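**Q** my questions are about this predicted structure, shown below with the sequence.
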Amino acid sequence: MTLSNEKQNLAHEVVEDSNPTNNIDFQTIINRRLNRRSILKGGTGLTAAAFFGALPLVGCTEDDNGSSIVNNDDNAAIPATGELKRPESLKFTAVAHSTAETMSVAAGYKAEMILPLGTPLIYGIEDWKDNREQSAESFEWRMGDNHDGMWFFGKKGRAYDAKASENGLLVMNHEYVNSAELSPFGYDVTEDKNAAPIFQSRRRASDVRREVNCHGVAVVEMKRRTDGMGYEMVRDSKYNRRITSSTTAQLTGPVAGSDLVKTKFDPTGFQTRGINNNCGAGLSPWGTYLTTEENFLGVFARGQDASKLSAADNYGRDRYGATEEHASWGYLWHTPAATDAKIADEFSRWDMTAVGATAADDYRNGFNTFGYITEIDPFDQNSMPQKRTALGRFAHENCAFAPVKQGRPVVFYMGDDSRGEYIYKFVSNAMWSNSDIGGGLKAGDKYMNEGTLYTAIFNEEGSGKWKPLIHGQNELDASNSVLPFNGQDEVLVFARAAADVLGATKMDRPEWVSVSPITGEVYVTLTNNKYRGVRDDQPVSATNPRSYDAGGKARGNDNGHIIRWAETDGDHAATSFEWDIYLFAAPSDLSAENLSELNDSNDLSSPDGLYFDPRGVLWIQTDDGAYTDTTNCMLLAALPGNVSDGTFKTTSAGQQTRVGTPASNDNIKRFFVGPEGCEVTGITMTPDFKTLFINIQHPGNTWGAVAGGSTPRSATVMITKEDGDVILAESFVSA
């Protein structure tokens, strides 16, 4: 028989739920009164120019010996077009709703599909053939599937130059696979109902190997086209490479060498194989790529082994959804049969069942080596990905840093994308030095291996605090009755359980994080949560205040919202903050729940991707299934204000909360609508602001197919202005 496309696509559709706590009660009883305390009105007072100076947007050249020379000129980051101030209003004409098979973009712009699934990165590999299975091995040098988070790294000569736009490296994630795209004829699956539950369906080795190679990251050199509009790939560039679910990665930080990550592959616990389910992405302040591991649970299986493990070990697995007889989300990567020991080991590593005498005899700990922020240096093609364990292990959506300041810690923000999970930040021990720009993975060692991981508690009256996940503090020690923490490695590997103990606030799927270059305030998309106000462990609260019936569906938060906060005194290392809800997503005709007063030009559902460009424009992307009868997923441009710039409102669930300034055609508009069936995700802009890249996942119909073909393919979309000017030039004026 064949494995259905529906089953193969579960990796995207399934949202893992494994939070058994009632933490919401911990903070709702603090204060139901919403008498908001005064907060900073001007944010951090950062200007766009100050932000440019803080980012790693500086020139970088090579000397005759090949070593990088960093230009630390304070003004080196200002784009060649001159300093552009954030506009007061958006001047483009909003794109209408669309359910078409094609994409649409604002008038005056051009949107082109580039780099679709299967595109060869080197010569010697045949071009994609429609309705044909490409070899598994060839995907080590092809674009992978379901393009996601990405970043454009300006390149001058052989080195990173953040001002450069003529040439660069486009680095992007490949989150998961669609069988309809990879194998249009379906997969052969052998059924054996007499086998152990997790082996009753077995797949071919070649099919699994193809999928493994389609995950991960692609690095692609791009150069400006001769007409000056947009880019083309430099095929066979020495920088072009794929990092896949088979690539060896280094574990760094407090978890490296821990007993929790020792496996048959590396009994010392310092290395693992693969990066997986890479969703959103980020940039480091020193100029490397930060990729994230989100739904890694989906590719692992676990048999019946609870009796061989301690109660704490079992709880640690359960807290990440890895219960007994978990057979993966349709991937079945652990199932190919093989008599050759090396080949068998290639697939058995996806089975976390404890079958050997010790952890060095099996892959019971393989699961613990995934779920980290992973750093990649795109300019060093021989470098090994570094899993930065100090930033915690959970379903990372993306990773955003706060503007860095000389002599201050480096701060990263992250969300755990599962229903009822938490928001985190990491504060480095090392103090930032501009001399580390261009420092590659060595700079990552300095700033990401030692520091403090915090989780967020949002109080009902509008304040908030960060509590540290430090072994020996706040009951994070061996005396904990649910999951004893015997060291910092256990706190980080089981970060979710540690955050449970601290009373972290359960949120509606915290996804992308972005920091405003204008105010320094932090924004997080809370995509949706069908259980909000439905399950007792997820009642409505000020931070997650809606539970409603949308079009005859069950109650819950169907459309999502965006929360934001301002750190105390503008200090991103502070342990307290003030928050409000910037925007409630909703169809414009959902009157009782349209608390942000959206209209036909800017209504949306399920905000997901989030990106502040350096000029202060917030780009919002959607991954929706609740409003797609009216419009496909989209990209909007927005001009947010400040925390506490709105008023109090009460939802239909009777919950009062603070809502930001109402939406209008001046401050948020729909810029792009994707093809039918897709998610719009991944976003980056070139340093000269003339090209915007976004990604399209799982399109329907034939979008992305080769000419005359019928197989849809995920791909990147390159958006330029028809007159060659900067993106949103109509809304900006030169300083």
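**A** Received the coordinates, thanks.

**Q** what residues of stretch 665-685 count as buried?
**A** Using 16 or more other CB atoms under 10 Å as the test for burial, stretch 665-685 gives 667-685. (Each C-beta comes from the backbone N, C-alpha and C, glycine too.)

**Q** equivalent analysis for stretch 319-336, please.
**A** Applying 16+ other CB under 10 Å to stretch 319-336 flags 319-322, 324, 326-336 as buried.

**Q** what's the answer for stretch 383-390, then?
**A** Quick answer for stretch 383-390 (16+ other CB under 10 Å): 383, 385-390.

**Q** quick one: end-to-end distance for it.
**A** Chord length of stretch 383-390, first to last residue, is 20 Å (CA to CA, to the nearest Å).

**Q** now that stretch: average pLDDT?
**A** Stretch 383-390 comes out with an average pLDDT of 98.

**Q** the helices in this protein, which residues?
**A** Using DSSP state H, the helices found in the chain span residues 5-8, 10-13, 23-28, 48-54, 179-182, 205-214, 311-318, 341-348, 440-448, 488-493, 495-502.

**Q** which residue lies farthest from the center of the chain?
**A** Distance from the C-alpha centroid of the chain, by CA atoms, centre = their mean, peaks at Asn194 (39.8 Å).

**Q** what distance do you get for it to Leu182?
**A** 30 Å (CB to CB, to the nearest Å).

**Q** Ser731 now?
**A** Applying CB to CB, the value for Ser731 to Leu182 is 41 Å.

**Q** please apply the same query to Ser383.
**A** Distance, Ser383 to Leu182, by CB to CB: 28 Å.

**Q** most widely separated two among the buried residues of stretch 319-336?
**A** Arg319 and Pro336 (29.1 Å; CB to CB).

**Q** any idea how many residues pack against the closest residue to Ala585 other than its chain neighbours?
**A** Distance criterion CB to CB, 6 or more residues apart in numbering; nearest residue to Ala585, sequence neighbours excluded, is Asn559 at 4.4 Å. The local packing of Asn559 (other CB atoms under 10 Å) involves 26 other residues.

**Q** Lys308 too?
**A** Residues lying near Lys308 (other CB under 10 Å) number 13.

**Q** cool, Ala574 as well?
**A** With other CB under 10 Å as criterion, Ala574 counts 15.

**Q** OK, contacts around it?
**A** Contact analysis of Ala574 by CB atoms under 8 Å, 6 or more residues apart in numbering lists 466, 567-568.

**Q** of those, buried ones?
**A** If we count by 16+ other CB under 10 Å, the contacts of Ala574 have these buried: 466, 567-568.

**Q** now, which of those lie within strands?
**A** 466, 567 (DSSP state E).

**Q** closest to Met172 out of the buried ones among the contacts of Ala574?
**A** Distances from Met172 to the buried ones among the contacts of Ala574, taken by CB to CB, are shortest for Glu567, at 30.2 Å.

**Q** read off the pLDDT value for the closest residue to Asn240 other than its chain neighbours.
**A** Closest residue in space to Asn240, ignoring its immediate chain neighbours: Leu121 at 4.1 Å, by CB to CB, 6+ apart. Looking at Leu121, its pLDDT is 98.

**Q** how about Arg132?
**A** At Arg132, pLDDT is 82.

**Q** what about this structure, any weak spots by pLDDT?
**A** For the chain, the stretches with pLDDT under 70 are 1-15, 22-84, 184-185, 551-552, 733-735.

**Q** got the contact list for the most centrally placed residue in it?
**A** In the chain, the centroid-proximal residue (CA atoms, centre = their mean) is Gly280; its distance is 2.1 Å. Contact analysis of Gly280 by CB under 8 Å, 6+ apart lists 148-149, 173, 292, 294, 396-399, 511-512, 609, 681-682.

**Q** just to revisit the earlier point, out of the helices of the chain, nearest to Glu166?
**A** Across those, Glu166 has its closest neighbour in helix 48-54 (19.2 Å, CB to CB).

**Q** do you know how far Asn429 is from Tyr447?
**A** Taking CB to CB as the measure, Asn429 falls 9 Å from Tyr447.

**Q** actually, Ser541.
**A** For Ser541, the distance to Tyr447 - CB to CB - is 34 Å.

**Q** compare those two and say which is more crowded by neighbours.
**A** Neighbours were tallied for Ser541 and for Tyr447 using other CB under 10 Å; the higher tally belongs to Tyr447 (27 against 22).

**Q** so what's that one up against?
**A** By CB under 8 Å, 6+ apart, the contact set of Tyr447 is 284-286, 410, 428, 430, 432, 436.

**Q** for Phe152, same thing?
**A** 168-170, 222, 684-687, 691, 693.

**Q** equivalent analysis for Ala705, please.
**A** 130, 711-713 are the contacts of Ala705 under CB under 8 Å, 6+ apart.

**Q** and which of the contacts of Gly280 is nearest to Asn528?
**A** Checking the contacts of Gly280 one by one against Asn528 (CB to CB), the nearest turns out to be Glu511, at 9.8 Å.

**Q** check the spacing between the closest one and Leu469 real quick.
**A** Distance of Glu511 to Leu469, computed by CB to CB: 21 Å.

**Q** next: Ala504.
**A** Between Ala504 and Leu469 the computed distance is 9 Å (CB to CB).

**Q** for Ser644, same thing?
**A** Where Leu469 is concerned, Ser644 sits at a distance of 29 Å (CB to CB).

**Q** same question, Arg202
**A** 40 Å.

**Q** higher neighbour count, the two?
**A** Under the criterion of other CB under 10 Å, the comparison of Arg202 against Leu469 puts Leu469 first, with 25 against 19.

**Q** just checking, the more buried one touches Leu492?
**A** Yes. Contact criterion CB atoms under 8 Å: Leu469 and Leu492 qualify, at 7.3 Å.

**Q** which neighbours do these two share?
**A** 392, 453, 498.

**Q** would you list those residues in JSON lines and tack on distance to Ser481?
**A** Converted to JSON lines, those look like this (distance: CB to CB, whole Å):
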{"residue": "Gly392", "distance to Ser481": "22"}
{"residue": "Leu453", "distance to Ser481": "22"}
{"residue": "Ala498", "distance to Ser481": "14"}
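
**Q** thinking again about what came up before, closest to Gly371 out of the buried residues of stretch 319-336?
**A** Closest to Gly371, out of all of the buried residues of stretch 319-336 and judged by CB to CB, is Tyr320, at 7.4 Å.

**Q** how about the contacts made by that closest one?
**A** By CB under 8 Å, 6+ apart, Tyr320 lies in contact with 16, 18, 297, 367, 371, 394, 496.

**Q** who's in contact with the second one?
**A** Just to be clear, that refers to Ser18. Residues near Ser18 by CB under 8 Å, 6+ apart: 318-321, 418, 496.

**Q** number of nearby residues for Asp340?
**A** Neighbours of Asp340 (other CB under 10 Å): 8.

**Q** name the residues of stretch 259-270 that are buried.
**A** Within stretch 259-270, the residues that count as buried by 16+ other CB under 10 Å are 260-266, 269.

**Q** mind listing which of those are in strands?
**A** Going by DSSP E, the strands hold none of those.

**Q** okay if I get these as TSV plus distance to Thr630?
**A** Listed next are those as TSV, based on distance: CB to CB, whole Å:
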residue	distance to Thr630
Leu260	47
Val261	47
Lys262	52
Thr263	48
Lys264	51
Phe265	49
Asp266	51
Gly269	51
